[in-house]
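Engineer: give me coordinates for this.
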Amino acid sequence: MSELEPVLRQADANLESSLQTLFDLVRIPSISTDRAHAADCRRAAQALSDYLTELGFDASVRDTTGHPMVVAHHAGPDDESPHYLFYGHYDVQPVDPLHLWDHPPFEPAIRIGAKGQKIISGRGTCDDKAQLLTFVEAVRAYKEVNGKLPARISIIFEGEEECGSPSARPFLEANKDELKADYVLVCDTGMWDDETPSICAGLRGLVGEEIKIYAASHDLHSGGFGAIAANPLHIIGKIVAGLHDETGRITLPGFYDGVHETPPELKKVWDALEASRPHMLEQVGLSIPVGEKGRSMLELNWARPTAEVNGISGGYAGEGFKTVIPAEATAKISFRLVHDQDPHKIRAIFRDYVRSKVPADCRVEFGDHGAAPAVQLPYDAPILDKAKQALKGEWDNPAIVTGGGGSIPIVGDFRSILGMDALLVGWGTADDRGHAPNEKYNLSSFEKGIRGWIRILDAISKP
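Structural biologist: Here you go, the predicted model:
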């Protein structure tokens, strides 16, 4: 590690200017969901491209069908050195409701947080502007000391992550030869706690389905047709009730194809982590987990698939009472996927299951609300162990391997389109309030995140 000390010292010396770069970026209201901020999104992209150019990258702003991408490349020591693609996003969530902010969301500053720690305040600090800059500033320090980078580095910064990444897949398809690398590195996740870094080895995929059941030609009087005519709400009820058995397992045939068991040694780590914290459900007023029996809540969240009903509508739900049998009803159902589950297969077997529950004199229509595969880095991947070992030098607590309950669709696209596994390392903390008023990022996360990426980049670039 002694050879890294000059690079780490350079990163520390750069901290003030690194913060100024971050502040300048946060001041740009790059809200991707609001068309009124389209110019701001382009301005943020251009600012990042210009900065990467200053650092010696061949960088450019690339047009898409939506907000632009930033793409940049930097040579390594030689053409045989490892090649890594780093991903982040410069777009941010809307700031509403504005009156709940304690300070203007696009006027970043160093403030004191609830725990007495120094924080960087402002929209986009934790999600994802400070996060992506921890990597860029690590690269900057490394090059300033050594005059070169330890590996070939490509970068892609997206401007539509917060609105579903509609342009990402076609952009990756059109540029896959240029963007292909050995691994993709992502900084859009968090730490286990303020003192314990974590490496996310997997993100769950997602399938979104909407079903609409049609029965009678019009709404019916339940006194005249009750127990005679099919009720679409009853049909949906049977569909929903049949998705799980009494042990919490999902009943769809072939649903668990591609789902792998968590290694026993990792389950022990997760069990200990869960035991070290207050009960996960207590903070939401519950106490009894409902997933597969015999599994910890962390394993259920990080490494097991789900089927959830997100909404049901039909009939009369207004004030008072109306004895009606509705002519139609709708349900929205989502599946979180893990490991090697095929989202298109899941959609197909779900639709077959629904059709089997619909009476012959009724019909069903399906709505497609997206599909993305899970992302799973093998637990025994050498890059994972190298990253864990590298972070030992920065935090007192060893890094832990976790999973992600949510989804980042473009990371799944990196796997399906470019054939690249992802190493996800982020420095966010549970109280960063991403997507909420008063978003912040701990100053220590920014400082130690830069140093962490220096250590990781050096470690994974060596044989």
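Engineer: do you know how far the closest residue to residue 329 other than its chain neighbours is from residue 387?
Structural biologist: Take residue 329 and drop its neighbours on the chain: the residue closest to it by Cβ to Cβ, 6 or more residues apart in numbering is residue 314, 2.8 Å away. Any C-beta I mention is one placed from the backbone N, CA and C, and that applies to glycine too. Between residue 314 and residue 387 the distance, using Cβ to Cβ, to the nearest Å, works out to 49 Å.
Engineer: quick one, which of the two is more surrounded?
Structural biologist: Just comparing residue 314 and residue 387: by other Cβ atoms under 10 Å the higher neighbour count belongs to residue 387, 25 against 22.
Engineer: now do the same contact list for the more buried one.
Structural biologist: Residue 387 makes contact with 199, 399, 423, 425, 456, 459, 460, according to Cβ atoms under 8 Å, 6 or more residues apart in numbering.
Engineer: picking that back up, my guess is the residue nearest to residue 329 meets residue 328, correct?
Structural biologist: Yes. Counting by Cβ atoms under 8 Å, residue 328 is a contact partner of residue 314 at 6.3 Å.
Engineer: so what sits against both of those two?
Structural biologist: What both residue 314 and residue 328 touch, as defined by Cβ under 8 Å, 6+ apart, is the set residue 232.
Engineer: quick check: the residue nearest to residue 329 vs residue 325, distance?
Structural biologist: Taking Cβ to Cβ as the measure, residue 314 falls 10 Å from residue 325.
Engineer: now swap in residue 269 and tell me
Structural biologist: For residue 269, the distance to residue 325 - Cβ to Cβ - is 53 Å.
Engineer: what do you get for residue 387?
Structural biologist: Relative to residue 325, residue 387 is positioned 58 Å away (criterion: Cβ to Cβ).
Engineer: go on, residue 251?
Structural biologist: Applying Cβ to Cβ, one obtains 27 Å for the distance of residue 251 from residue 325.
Engineer: and for residue 431?
Structural biologist: Taking Cβ to Cβ, one finds residue 431 at 49 Å from residue 325.
Engineer: could you look up the SS state of the residue of the chain positioned farthest from its centre?
Structural biologist: Computed with Cα atoms, centre = their mean, the residue of the chain farthest from its C-alpha average is residue 224, at 50.7 Å. With DSSP: H, G, I helix; E, B strand; the rest coil as the basis, residue 224 sits in helix.
Engineer: pLDDT score assigned to the residue lying closest to residue 180 once chain neighbours are set aside?
Structural biologist: With Cβ to Cβ, 6+ apart as the criterion, residue 180 has its nearest non-adjacent residue at 5.3 Å, and that residue is residue 418. Among the per-residue scores, residue 418 holds a pLDDT of 94.
Engineer: in contact with residue 418, which residues are there?
Structural biologist: Residues touching residue 418, when contacts are defined by Cβ under 8 Å, 6+ apart, comprise 85, 172, 176, 179, 180, 181, 184.
Engineer: show me what contacts the third one?
Structural biologist: If I follow you right, that is residue 176. Going by Cβ under 8 Å, 6+ apart, residue 176 touches 417, 418.
Engineer: ok, now how distant is it from residue 164?
Structural biologist: For residue 176, the distance to residue 164 (Cβ to Cβ) stands at 20 Å.
Engineer: the more surrounded of residue 431 and residue 325?
Structural biologist: residue 325 (25 against 15).
Engineer: burial check on the spatially closest residue to the more buried one that is not a sequence neighbour, number of neighbours?
Structural biologist: Closest residue to residue 325 in three dimensions, ignoring its sequence neighbours and counting by Cβ to Cβ, 6+ apart: residue 220, at 4.2 Å. For residue 220, the tally of surrounding residues (other Cβ under 10 Å) stands at 20.
Engineer: how far away is residue 220 from residue 232?
Structural biologist: Per Cβ to Cβ, residue 220 is found 11 Å from residue 232.
Engineer: need the overlap of contacts for the two.
Structural biologist: Shared contacts of residue 220 and residue 232 (Cβ under 8 Å, 6+ apart): residue 327.
Engineer: any idea which residue sits dead centre in the chain?
Structural biologist: Geometric middle of the chain (Cα atoms, centre = their mean) lands on residue 408, at 3.4 Å.
Engineer: which residues touch that residue?
Structural biologist: By Cβ under 8 Å, 6+ apart, residue 408 lies in contact with 161, 186, 188, 203, 375.
Engineer: closest one of those to residue 241?
Structural biologist: For residue 241, the nearest member of these is residue 203. The distance, counting by Cβ to Cβ, is 29.4 Å.
Engineer: hang on, residue 349 in a strand?
Structural biologist: No. Following the definition three-state DSSP, residue 349 is helix and is not counted among the residues of a strand.
Engineer: count of residues packed around it?
Structural biologist: Here the number of neighbours of residue 349 (other Cβ under 10 Å) works out to 15.
Engineer: can I assume it is in contact with residue 255?
Structural biologist: Yes. Under the criterion of Cβ under 8 Å, residue 349 is in contact with residue 255, at a separation of 6.6 Å.
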